[in-house]
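Student: The following block contains a protein sequence and its predicted model.
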Amino acid sequence: MSSNDPLQSVSAPETFWTTTNIAEAFPGVMTPLSATVWGPPSERALRNVFHSFGVLSKRETGLPADEDRALNVFNGRAAVNLTEFCRLFDRMPGTSGPAFIEHVFHVTLPDDQLPARSRRRWPAIAAKTPLTILRAPGAARRARQETQRWWRVEIEGHRAWTGEAARQHFVDAYDRFEVNLVVHQTTFFRLVQPIYHQLSELAAEAGMDGARLMTGHSGHEETAVIDDLWKLSRDRMALSEFLSRHGYHGPHEGEISATVWREDPAPIERLVKHYAELDDDAHPAVAEAAGAADRRRAEAELLAALSRPRRLKAKQIFRLAERWLPLRGVGKVAFLQSLDVARAASRQLGVRLAEESVLADPDDINYLTASELIDGLPAGVRDVVAERRELREHYLSLEMPSNWQGMPPAVKAAPPEVRTVTVLTGQGVSPGVIEGPVRVVTDPATAEVEAGEILVAHTTDPSWASVMYLASALVVDIGGLLSHAAVVARELSIPCVMGTNDGTLVLNTGDLCRVDGKAGTVEILSRSAAADIPT
């Protein structure tokens, strides 16, 4: 990544990349400010986390050369280095690189990408991991509580910041963002993902659907948003209180230039009207209780199918799952709130610089880099902004594959080729069979989802949970077992199929479909009379 073009990186010819799953946070072409707020902090956080596990030595924690980074950006799109992640997880006992990549990204690496499994770091891992695991849950919860308090204070006062004050608040948010990324990644990689892996292996051993073991755990951050929306729709919570809890969420919330709910609550006001139309027996607690009951039945079925020694291990994993799986979103809230303060600070700095005629428009701040906001603006700042804006427009005109090796092929976007099929296949991640009309949604901010419709999306982020609650089933183009939509679907006890690749192109709003969340199939029963434009 060069300072002239923060949206383009370099790859080694053999490295395998994907945009799958990371598109939950970055569904399109990033702005230069977003790319650089996320880039170096994410890479440093990742390497320090794996050092805390003993997987990486201290020497390996430095920021590597561009082509060796685990996280990067190509043609404006965020991408994950699957070759590097496979190497990291193949150093760890109890899991493997291919298993991690399948669970998180629903991608299978080519055979020539699979590294030799290494046990060289196992003594260091054995020495460091127990303490890391012991500290991680408390660290995640403390980061959540402390950041929530800090976020509320910062957001309440941000409009009064001068240019220099806004710059300093941006620095503080940038630093806290990296710290909270460490907390989140520690929780996810050392607690959440290994438990999913163990549950999947136990279920496979017993010939069961593993998704049933992964639901019904109370305390998920995404379902807390739904609970509060329900209260809002029943006049048991004021909009101001809802925004003071969840206002950092919003469509494309991982992009720093995006508009979140605290800035524009119109999407919430529309959703509340739909929630208000639901019967009282549609309370979120009903779905949560049903999911918990089904999980307990699945646990009993699994225990009955295992030998006595295996049952002891399974019971221990069940206890850890109940404690650890809800932590998946706790650290995420902390880093999203940190990002939101950086958003508020950069917005205010853009306003001040435009007032001083340094920038032509406040939005131009999004075409500078994080280091330029922290260390000083570049010479000829208006020309730099204009050049980067032109480059981003170019990247917006390109299309890219979801997975590739080396530098990505990038061609001018063309009208998509729509397949004529009767059945779509993907990964079943939340069991159940539902028939109903489809609603294809490309933007949750303007979506008008009716209760009982099958929600079809390209990808989702936490702001989608409130829309998902209205749906009877979910179908998502990209992602896997640990994707955001999959987790929310399991907690809401609704069928979900991930990784259909082109469901948003094949299906039209109004199509009647049957979704099988166990088999991973979407059967088109009848087409709508008129192909509606996706919402």
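Tutor: On my side now, so go ahead.
Student: Which residue is the nearest non-sequential neighbour of S346?
Tutor: Using CB to CB, 6 or more residues apart in numbering and skipping the chain neighbours, the partner closest in space to S346 is I365 (5.2 Å). Heads up, the C-betas are built off the backbone N, CA and C, glycines and all.
Student: wait, what's in contact with that neighbour?
Tutor: Neighbour list for I365: 33, 346-347, 349-350, 353, 359, 373 [criterion: CB atoms under 8 Å, 6 or more residues apart in numbering].
Student: For it, give its distance to R419.
Tutor: Separation of I365 from R419 (CB to CB, to the nearest Å): 42 Å.
Student: Let me see the contact set for L213.
Tutor: Applying CB under 8 Å, 6+ apart, the residues near L213 are 199, 202-203, 295, 298-299, 302, 318, 321.
Student: Need the max-distance pair from the residues you listed.
Tutor: Using CB to CB, the pair of the contacts of L213 lying farthest apart is L202 and R295, separated by 13.1 Å.
Student: next SSE after the longest helix along the chain?
Tutor: When the chain is scanned for its longest helix (criterion: DSSP state H), the result is helix 122-157. Using DSSP states H and E, the helix or strand that follows helix 122-157 in sequence is helix 163-187.
Student: Flag every buried residue along that following helix.
Tutor: By neighbour count on 16 or more other CB atoms under 10 Å, the buried set for helix 163-187 is 163, 165-167, 169-174, 176-187.
Student: quick revisit: what pLDDT is listed against the residue nearest to S346?
Tutor: Listed pLDDT for I365 reads 98.
Student: any idea how far V192 is from it?
Tutor: 35 Å.
Student: what do you get for R142?
Tutor: From R142 to V192 the distance is 18 Å (CB to CB).
Student: who's more crowded, these two?
Tutor: Shown here are R142 and V192; by other CB atoms under 10 Å, V192 has more neighbours (22 against 12).
Student: Can you tell me the SS state at the nearest residue in space to the more buried one that is not next to it in sequence?
Tutor: Nearest residue to V192 in three dimensions, chain neighbours excluded: R328, at 4.8 Å (CB to CB, 6+ apart). Counting by DSSP: H, G, I helix; E, B strand; the rest coil, the backbone at R328 sits in helix.
Student: who's in contact with R328?
Tutor: 187-188, 192, 220, 482, 487.
Student: which strands and helices sit next to the longest helix of the chain?
Tutor: helix 32-53, helix 163-187, helix 330-355 (3 or more CB pairs under 8 Å, 6 or more residues apart in numbering; DSSP states H and E).
Student: by how many degrees do the first one and helix 330-355 diverge?
Tutor: Compare the direction of helix 32-53 with that of helix 330-355 by axes from the mean of the first three to the mean of the last three CA atoms, to 10 degrees and you get 150 degrees.
Student: try the second one
Tutor: Counting by the same axes, to 10 degrees, helix 163-187 points 160 degrees away from the direction of helix 330-355.
Student: What's the mean pLDDT across helix 163-187?
Tutor: On average, helix 163-187 scores 97.
Student: Contacts for the helix or strand that that helix is followed by next, please.
Tutor: Next helix or strand after helix 163-187 toward the C-terminus (DSSP H and E): helix 193-206. With contact meaning CB under 8 Å, 6+ apart, helix 193-206 is reached by 94-95, 99-100, 103-104, 209-210, 212-214, 301-302, 305-306, 310, 314, 317, 320-321, 324-325, 481-482.
Student: How about stretch 126-146?
Tutor: Under CB under 8 Å, 6+ apart, the answer for stretch 126-146 is 52-54, 179-180, 183-184, 186-187, 190-191, 323-324, 327, 330-331, 333-334.
Student: How far off centre is that stretch?
Tutor: On the basis of CA atoms, centre = their mean, to the nearest Å, stretch 126-146 is displaced by 21 Å from the centre of the chain it belongs to.
Student: Return the distance of the residue sitting furthest away from the middle of the chain relative to L88.
Tutor: Centroid-distance maximum for the chain: R308 at 38.0 Å, with CA atoms, centre = their mean. Remark: distance between R308 and L88 (CB to CB) = 35 Å.
Student: repeat for A140
Tutor: On the measure of CB to CB, A140 and L88 end up 21 Å apart.
Student: So which of these two has more stuff around it?
Tutor: It is A140, of A140 and L88, that has more neighbours when counted by other CB under 10 Å, with 26 against 23.
Student: Buried by neighbour count: which residues of the host helix or strand of A485 qualify?
Tutor: Taking DSSP H and E as the criterion, the element that holds A485 is helix 484-492. Residues of helix 484-492 classed as buried: 484-492 (neighbour count, 16+ other CB under 10 Å).
Student: could I get the helices and strands packed on helix 122-157 as TSV with distance to F74?
Tutor: Putting the helices and strands packed on helix 122-157 into TSV (distance: least, CB to CB, whole Å) gives the following:
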stretch	distance to F74
helix 32-53	11
helix 163-187	21
helix 330-355	22
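Student: quick one, longest strand in the protein?
Tutor: Assignment by DSSP state E gives strand 433-440 as the longest strand of the chain.
Student: I'd like the average pLDDT over that one.
Tutor: pLDDT averaged over strand 433-440 gives 96.
Student: ok now that strand, how far from the chain's centre?
Tutor: Worked out by CA atoms, centre = their mean, strand 433-440 lies 24 Å from the chain centre.
Student: With stretch 455-474 instead?
Tutor: 13 Å.
Student: Over to stretch 75-91?
Tutor: On CA atoms, centre = their mean, the centre of stretch 75-91 falls 16 Å from that of its chain.
Student: what does stretch 191-206 give?
Tutor: So, by CA atoms, centre = their mean, the centroid of stretch 191-206 is 21 Å from its chain's centroid.
Student: swap in stretch 515-533?
Tutor: 25 Å.
Student: Averaged pLDDT, that stretch. What do you get?
Tutor: 85.
Student: tell me the pLDDT at M498?
Tutor: Reported pLDDT for M498: 93.
Student: what's the spacing between it and V429?
Tutor: 5 Å.
Student: Not counting sequence-adjacent ones, nearest residue to G94?
Tutor: Going by CB to CB, 6+ apart, G94 has P194 as its nearest residue, at 5.8 Å.
Student: how close does the one you found sit to P93?
Tutor: For P194, the distance to P93 - CB to CB - is 10 Å.
Student: For the two, work out which one has more neighbours and name it.
Tutor: P194 (22 against 13).
Student: Could I get the contacting residues of R262?
Tutor: So, once contact is read as CB under 8 Å, 6+ apart, R262 ends up touching 155, 243, 247-248, 250, 340.
Student: just curious, which of those residues is nearest to V286?
Tutor: For these, the nearest to V286 is L243 (26.0 Å; CB to CB).
Student: Run a quick neighbour tally on that closest one.
Tutor: 19.
Student: Run the chain-centre distance for the helix or strand where it lies.
Tutor: Using DSSP H and E, L243 sits in helix 239-246. In terms of CA atoms, centre = their mean, the centre of helix 239-246 is found 22 Å from the chain centre.
Student: Now do the buried residues in whatever helix or strand comes next after that helix.
Tutor: Once the chain leaves helix 239-246, the next helix or strand it forms, by DSSP H and E, is helix 266-276. Neighbour-count burial for helix 266-276 flags 267-268, 271-272, 274-275 (criterion: 16+ other CB under 10 Å).
Student: just stretch 57-75 next, same as before
Tutor: Buried, per 16+ other CB under 10 Å, within stretch 57-75: 61, 68-75.
Student: Return the closest of the residues you listed with respect to I256.
Tutor: Using CB to CB, the buried residues of stretch 57-75 come closest to I256 at V73, 13.7 Å.
Student: Check the gap between the closest residue to A45 other than its chain neighbours and P137 for me.
Tutor: What sits nearest to A45 in space, not counting adjacent residues and going by CB to CB, 6+ apart, is L181, at 3.8 Å. Taking CB to CB as the measure, L181 falls 17 Å from P137.
Student: Kindly report the same for W230.
Tutor: 27 Å.
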